[in-house]
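>>> pasting a predicted model and its sequence here:
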There are 2 protein chains.
Amino acid sequence: MSQVWKEYQEQHRERFLKEMMDLLRIPSISAKSEHKEDMIQCAEAVKASLLASGCDKAAVMNTGGHPVVYGEKIIDPAKPTVLVYGHYDVQPVEPLELWHMPPFEPTIKDEKVFARGSADDKGQFYMHVKALETMVKTNTMTTNIKFIIEGEEEVGSPNLGKFVAAHKELLKADVILISDSSLLSMENPSLDTGVRGLSYIEVEVTAAARDLHSGTYGGAVANPIVVLSKMIASCHDENNHITIPGFYDDVNVVSEEERALINQAPFDEQEYKDEIGIKELWGEKGFSTYERTGIRPTLELNGIWGGYTGEGAKTVLPAKATAKISARLVPNQTSEKITELLLAHFRKIAPSCVTVNAFEHHGGEPYGTPIDSKGYQAASKALETTFGKTPIPVKGGGSIPICHTLESELGTKIIFMGFGLDNDGLHSPNEKYNIENYYKGIETIPYFHQFFAE
Amino acid sequence: MSQVWKEYQEQHRERFLKEMMDLLRIPSISAKSEHKEDMIQCAEAVKASLLASGCDKAAVMNTGGHPVVYGEKIIDPAKPTVLVYGHYDVQPVEPLELWHMPPFEPTIKDEKVFARGSADDKGQFYMHVKALETMVKTNTMTTNIKFIIEGEEEVGSPNLGKFVAAHKELLKADVILISDSSLLSMENPSLDTGVRGLSYIEVEVTAAARDLHSGTYGGAVANPIVVLSKMIASCHDENNHITIPGFYDDVNVVSEEERALINQAPFDEQEYKDEIGIKELWGEKGFSTYERTGIRPTLELNGIWGGYTGEGAKTVLPAKATAKISARLVPNQTSEKITELLLAHFRKIAPSCVTVNAFEHHGGEPYGTPIDSKGYQAASKALETTFGKTPIPVKGGGSIPICHTLESELGTKIIFMGFGLDNDGLHSPNEKYNIENYYKGIETIPYFHQFFAE
């Protein structure tokens, strides 16, 4: 069927790109309440595109939060069914001044589409929509296809678990397919075999009822920035090992064999450093870069603020300081347990001169998928067909909070078939998605369905 | 002369307040370039008020930065001359959301004027303008009076030293009088015998060329917030003693006698804590609260920011983190030496995985004034006359960067006769100045001139 797919895709190449870019124009930032209407507009646009691309039915379905878009094309109930998961929500765009173009005015430069959400995940889930169209319009469907495109992935999918539990029959499938991750490179295609979990909290340290003059009170009143800094500083030791008691208790100890396998993936240190502009590698002593992002949990400071942050100088002794802190989790840690551990830890280590307000933002469980499953093998063969190379199985560093729930509610394994690159600038200014990767995804996906159906 | 002053001031009471409030309406924030025009407008308003209040001449004089306002009323060159120093610039107003009223729309509530600059220092230097008017209009001048009201105090008076050096003859005086500090309380009047110096720097720590996805890179790339936190945390030991090598080298060791004197000033711990809403006193072990703010240097974090600081959560590994850091200095520390020490220290302690950009904002020397001078005795008698109590000499915690230069260039001692209160909210939201204190200052100042002339 390869020739007929190729011809159809060549013919509609420009439109495929234009449609994806239209979706990028909608500022669907799930974290910010001011974008509530944009979220609904985006969900409606996704629904319309599913119907236009060949779904028999599609619907915008309410949840307690931003809506879910469901769509399906059932060719024969006896055939295998693939459930495609994706998300139409995007990360906030700050710091805006670092963008070279407006984040919601998609711009093509050097064969890349620059826009928030281009790689994460609008551009990636839309490959599945256009792969569906390719198969429908060329009469080459081999599986039933269902879509669940949610609007709260970037805020931890707080309502999706309940939605999935309430719609098990609707979502019933033989495999779940997700394109929300990266390839090692175009020369070294890869398939993720898992995602890390997440515990995301905020810690606010208050020392006084109001900002104070640093001359009048400096030296006699605790400085919340100093207090918070000491709390943060105490969480990593000199080997960059996390010092929070109990943090590593449940961490799955990966066998020497598997570690050897992970470290077989090509890694060019200089290229890695140049790509993101770092002077040195960093991380937990005793582990390689792939291990640090793949099989080890981390504790990151995602944001900090307190006192005067404007131009020039202000001699203020601030009333409070705040940090956004998150941990990436690995099997068999659980988000709930680590979140509780983190909250309790920051409350406990605060000195008595301050008040701590610590609360959870969101979390998600770590997830792993075996490489001997029918789904993984179909994905591997699909990539081999279009890249000419067997993909390398790798551990993904990011998180897709709902994975664990999807598998447990639907009883179905998840396959991660991402076409992004690590340098796509996910969650960063100037996020981009290479046009080549977008087309490669649309080209590859039909083969997955074909091999999975065989 | 007390009766004639009293009568005149009673008669013009409302206008005295209104004029001061008019000055508060001008947003003269020296730190922000967007207020350049407001600075000029404010300087012109100060000049006009000096002329209207009895100065023979007044002028807005250029410096390399915001202008200086000079004014004088010379009654007899043979009589002693008092130089009044003040500043018409104010601190930035952030965080705006904590103000209960717009910071530049002065609002009277509970017998207090709320506005940025009400106590620091527009309301305070304006007492001298109205005291001048009182003496001029009642024909009771006993001294010559000169005014130097600058526009860059809150940014460290970067241009005033040069200005003073270039205008020594113009500014020649027998004493310098400054109202830019506080009383212990209305029941316990006090006179500051010095100000602390200041070294104010900014430290920016960069780990990567751009913000990164905390899942893809978390654990494998240094987190600049963690790095900066560790740097900050290392600067104070468990006794809140500053650990930067050499920091205390030049600190004047205050005698046990003088310490005993400092600690004789009334101090109500519960009241102090309640006033600013703190749970506990804090500070360098082995020193009292008055000593911590009076005779000991400090290191304060005035601001910190990095990563995502908006609503909700963003899983970003930030490229950089920045802090505004200042030290309050005591005799015989020098601002230049401590600034160099701080900059070198932060550059040195940064780990090799990050790049540090550390630079100076501004500084100022510490300053002390003896209590046996003619000027101090005149001020003491003036307060005794209007408060009915001998003022207590205390060490001020704040900084007036230019003091050291004023004395060395003009060869004249400085007298600090402030009428504010520690709870005025200087540099904080909802800054206020008690109307009672404003009038008390106007009432007291003519006595200073009278006693100084005697």
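Happy to help now that I have it.

>>> show me what the helix or strand harbouring residue A:38 is packed against.
Secondary-structure element containing residue A:38, defined by DSSP states H and E: helix A:36-52. For helix A:36-52, the packing partners by 3 or more CB pairs under 8 Å, 6 or more residues apart in numbering or on different chains; DSSP states H and E come out as helix A:13-24, strand A:57-61, strand A:68-73, helix A:122-137, strand A:144-150. C-beta here means a position set from N, CA and C on the backbone, and glycine is covered the same way.

>>> redo those as TSV? Include mean neighbour count.
Shown next, in TSV, are the helices and strands packed on helix A:36-52 (neighbours: other CB atoms under 10 Å in any protein chain shown):
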stretch	mean neighbour count
helix A:13-24	18
strand A:57-61	17
strand A:68-73	23
helix A:122-137	26
strand A:144-150	26
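
>>> the ones you listed: which one's closest to residue A:396?
With distances scored as CB to CB, the stretch of the helices and strands packed on helix A:36-52 nearest to residue A:396 is helix A:122-137 (13.4 Å).

>>> residue A:239 and residue A:283, how far apart?
Distance from residue A:239 to residue A:283, counting by CB to CB, to the nearest Å: 10 Å.

>>> who's more crowded, these two?
Of the pair residue A:239 and residue A:283, residue A:283 is the one with more neighbours under other CB atoms under 10 Å in any protein chain shown, namely 23 against 10.

>>> need the three-state assignment for the more buried one.
Look at residue A:283: counting by DSSP: H, G, I helix; E, B strand; the rest coil, its state is coil.

>>> excluding its backbone neighbours, what's nearest it?
Nearest non-adjacent residue to residue A:283, counting by CB to CB, 6 or more residues apart in numbering or on different chains: residue A:292, 4.1 Å away.

>>> for the stretch 301-450 of chain A, what spans make up the strands?
Assigned by DSSP state E, counting those that start in this stretch, the stretch 301-450 of chain A shows strands spanning A:316-317, A:320-329, A:355-364, A:367-368, A:392-394, A:414-416, A:420-421, A:432-434.

>>> paired strands for the last one, with orientation please.
Strand A:432-434 has the following strand partners under DSSP bridges: strand A:112-114 (antiparallel).

>>> what's the answer for the fourth one, then?
Under the criterion DSSP bridges, strand A:367-368 sits next to strand A:194-195 (antiparallel) in its sheet.

>>> then the fifth one?
Using DSSP bridges, the strands paired with strand A:392-394 in its sheet are strand A:190-192 (parallel).

>>> so which residues make contact with the partner strand?
A:181-184, A:265, A:371, A:376, A:379-380, A:383, A:391-396, A:415-418 (CB atoms under 8 Å, 6 or more residues apart in numbering or on different chains).

>>> please state the offset of that strand from the chain centre?
Taking CA atoms, centre = their mean, to the nearest Å, one finds strand A:190-192 lying 15 Å from the centre of the chain it belongs to.

>>> that one: which residues count as buried?
For strand A:190-192, the neighbour count (16 or more other CB atoms under 10 Å in any protein chain shown) marks A:190, A:191, A:192 as buried.

>>> ditto for stretch A:186-202
Neighbour counts using 16+ other CB under 10 Å place A:189-202 of stretch A:186-202 among the buried residues.

>>> for residue A:73, state which of those is nearest.
Nearest to residue A:73 out of these is residue A:191 (CB to CB; 24.6 Å).

>>> quick check: domain ranges of chain A?
Domain assignment for chain A by automatic domain parsing gives A:2-195+A:366-453, A:197-251+A:297-364.

>>> averaged pLDDT, the last one. What do you get?
In this model, domain A:197-251+A:297-364 has a mean pLDDT of 96.

>>> picking that back up, quick one, the helix holding residue A:38 and strand A:144-150 angle?
Put simply, helix A:36-52 runs at 170 degrees to strand A:144-150, going by axes from the mean of the first three to the mean of the last three CA atoms, to 10 degrees.

>>> for residue B:349, find the nearest of the helices and strands packed on helix A:36-52.
helix A:122-137 (42.4 Å).

>>> could you see whether chain B lies near that closest one?
No. Under the criterion of CB under 8 Å from any CB of the partner chain, chain B is not reached by helix A:122-137; the shortest gap measures 14.0 Å.

>>> just checking, what packs against that helix?
helix A:2-11, helix A:13-24, helix A:36-52, strand A:81-87, strand A:144-150, helix A:435-453.

>>> from the chain's centroid, how far away is that helix?
Its chain's C-alpha centre and that of helix A:122-137 lie 20 Å apart, by CA atoms, centre = their mean.

>>> tell me where the stretch 251-400 of chain A has helices.
Using DSSP state H, counting those that start in this stretch, the helices of the stretch 251-400 of chain A run over A:256-262, A:269-276, A:289-294, A:335-349, A:374-387.

>>> alright, I will stop here.
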